[in-house]
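>>> Sequence first, then the predicted structure, then my questions.
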Amino acid sequence: MIRRRVIPALLLALAVAGSACGGAEGDVLVFAAASAGDVVRDLAPEAVSLSVAASSTLARQIRQGAPADVFVSADARWADWLEAEGVEVIDRKTVARGRLVWVEPAGTPSRPTVAEAVGAAERVALGDPGHVPAGAYARDALTDLDLWESVEARVIPQADVRAALVAVETGAADAAVVYASDARVSDRVVVTADLPAARPVAYVALLLSPRGRAVFGALSPEADAWAERGFLAP
């Protein structure tokens, strides 16, 4: 029977300094962007221990020695950073693309323009634009639309894109920029505007250990699970 254990990223971070980081003996250890965790769970063909968090958080843990076998990043730049830092990468591929959307509480009508959506929100939840891919994509997109200066002071930084979604669900924020795939998982928010990305939202998988080869192979761009969960083909 397939066994999937989800490990909080904080516990992995605390364990990096030790010799026993991760899941049960024999499990393949997969680090995945918070927005990609559901697809990894769908596609993993064998026992895995899965840690989901912001790509930046996971990349830094890998750089510090966390023994991940596979890494799925929501931004190619964090995959590039790991390679530049000297982390050995056996194989690499782009597995999907994402789409940015502006979400508000369920029942909110669609906004005619992104500018109107921005103007209606006093508190905007974003993955921390300083390092979380979803937040960086959102900042770049809003900058491209000449809207970032009007939004920046109202931003509530979040640890990852799913936390930004929860902020709207719980009323902690009036709106958030998330991926379309994340908006699909909640019936407490509604997409009120599409946000054209200023650069491609690319999901990149890295094979870091031979133990992860089967999982890496299963994360195919052709897998139906990507489209079913709202991702786009690369």
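Alright, I've got the coordinates. Residues are numbered from 1 along each chain as shown.

>>> is it fair to say His131 lies in a helix?
No: His131: not assigned to a helix; according to DSSP: H, G, I helix; E, B strand; the rest coil it is coil.

>>> Would you mind checking which helix or strand in this protein has the lowest mean pLDDT?
helix 9-15 (a mean of 41; mean pLDDT, DSSP states H and E).

>>> C-terminal to that one, what's the next element?
Following helix 9-15 in sequence order, the next helix or strand is strand 28-33 (DSSP states H and E).

>>> Report all helices and strands that that following strand contacts.
On a contact count with 3 or more C-beta pairs under 8 Å, 6 or more residues apart in numbering; DSSP states H and E, strand 28-33 meets strand 48-53, helix 55-63, strand 70-73, helix 213-218. For the C-beta atoms, the positions are set from N, CA and C on the backbone; glycine is no exception.

>>> for those, which one ends up most surrounded?
Counting by mean count of other C-beta atoms under 10 Å, strand 70-73 has the highest mean neighbour count of these, with a mean of 28.

>>> outside of the helix or strand just after it, which residues touch it?
Remark: after strand 70-73, the chain's next helix or strand is helix 76-84, criterion DSSP H and E. Helix 76-84 has contacts (C-beta atoms under 8 Å, 6 or more residues apart in numbering) with 55-56, 59, 62-63, 71, 73, 89, 92, 94, 133, 202, 204, 206.

>>> out of the residues you listed, who's nearest Pro157?
Proximity of these to Pro157 (C-beta to C-beta) peaks at Ser56, which lies at 12.4 Å.

>>> my guess is that closest one contacts Pro129, does it?
No: judged on C-beta atoms under 8 Å, Ser56 makes no contact with Pro129 at a distance of 11.0 Å.

>>> Against Ala218, how distant is Asp174?
Going from Asp174 to Ala218 by C-beta to C-beta, to the nearest Å gives 39 Å.

>>> next one: Arg123
Arg123 is 39 Å from Ala218, by C-beta to C-beta.

>>> Just give me the neighbour total for Gly231.
Careful, residue 231 is Phe; it's not Gly. Neighbour count of Phe231, defined by other C-beta atoms under 10 Å: 25.

>>> you'd agree it is up against Val201?
No: look at Phe231 against Val201 with C-beta under 8 Å: they stay out of range, at 9.4 Å.

>>> In contact with Leu165: list those residues for me.
By C-beta under 8 Å, 6+ apart, Leu165 lies in contact with Val103, Ala125, Ala176, Val178, Asp182, Ala183, Val185, Ser186, Val189.

>>> Please report phi then psi for it.
Note on Leu165: backbone dihedrals following degrees, to the nearest 10 are phi -60, psi -40.

>>> Appreciated, that's everything.
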